[in-house]
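A.B. asks: Structure for this input, please:
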Amino acid sequence: MEESTRRFTAIDSGSEMKEILTSVYNSLLLKGYNPINQLVGYIVSEDPTYITNYNGARSLITRIDRDELLQELLTSYLGKK
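C.D. replies: Numbers count the residues shown, from 1 in each chain. Below is the predicted model:
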């Protein structure tokens, strides 16, 4: 059995993170969830089941490193960029 290395595209910019978060937010909203509560649940627990599969939202959110996301959110919130 041959094993191959999986390669994932890393998120390297705040603007791409924002696009992904916006898309995930909209997917959660369309499915009737409270997007903020669901995103906070995901960020705190890193449990992807907080995010719907609708429109590939769960797959998208897992492309973002949680630590980098928190760093970007705090930097943006505090206006320190």
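A.B. asks: tell me the contacts of the residue nearest the centre of the chain?
C.D. replies: Relative to the mean C-alpha position of the chain, the nearest C-alpha, by CA atoms, centre = their mean, is the one of residue 61, at 2.9 Å. Neighbouring residues of residue 61 by CB atoms under 8 Å, 6 or more residues apart in numbering: 20-21, 24, 42, 48, 51. Bear in mind the C-beta positions are built from the backbone N, C-alpha and C, glycine included.
A.B. asks: ok, now with 10 Å
C.D. replies: 20-21, 23-24, 27-28, 38-39, 42-43, 48, 50-52, 69 (CB atoms under 10 Å, 6 or more residues apart in numbering).
A.B. asks: go on, residue 18?
C.D. replies: 72, 76.
A.B. asks: Report the secondary structure element holding it.
C.D. replies: helix 14-30 (DSSP states H and E).
A.B. asks: Distance from that helix to the middle of the chain?
C.D. replies: In this view, helix 14-30 has its centroid 7 Å away from the chain centroid, taken as CA atoms, centre = their mean, to the nearest Å.
A.B. asks: which helices and strands does the helix or strand following it pack with?
C.D. replies: Sequence order places helix 35-45 as the next helix or strand after helix 14-30, per DSSP H and E. Here helix 35-45 touches helix 14-30, helix 57-61, helix 66-78, going by 3 or more CB pairs under 10 Å, 6 or more residues apart in numbering; DSSP states H and E.
A.B. asks: ok, residues contacting helix 35-45?
C.D. replies: 21-22, 24-29, 31, 33-34, 47-52, 57-58, 61-62, 64, 66, 69-70, 73.
A.B. asks: Weed out the non-buried ones from the residues you listed.
C.D. replies: Buried by 16 or more other CB atoms under 10 Å: 21, 24-25, 27-28, 33, 50-52, 57-58, 61, 64, 69, out of those.
A.B. asks: residues touching the nearest residue to residue 60 once chain neighbours are set aside, list them.
C.D. replies: Closest residue to residue 60 apart from its sequence neighbours, by CB to CB, 6 or more residues apart in numbering: residue 20 at 4.9 Å. By CB under 10 Å, 6+ apart, the residues touching residue 20 are 11, 57, 60-64, 69.
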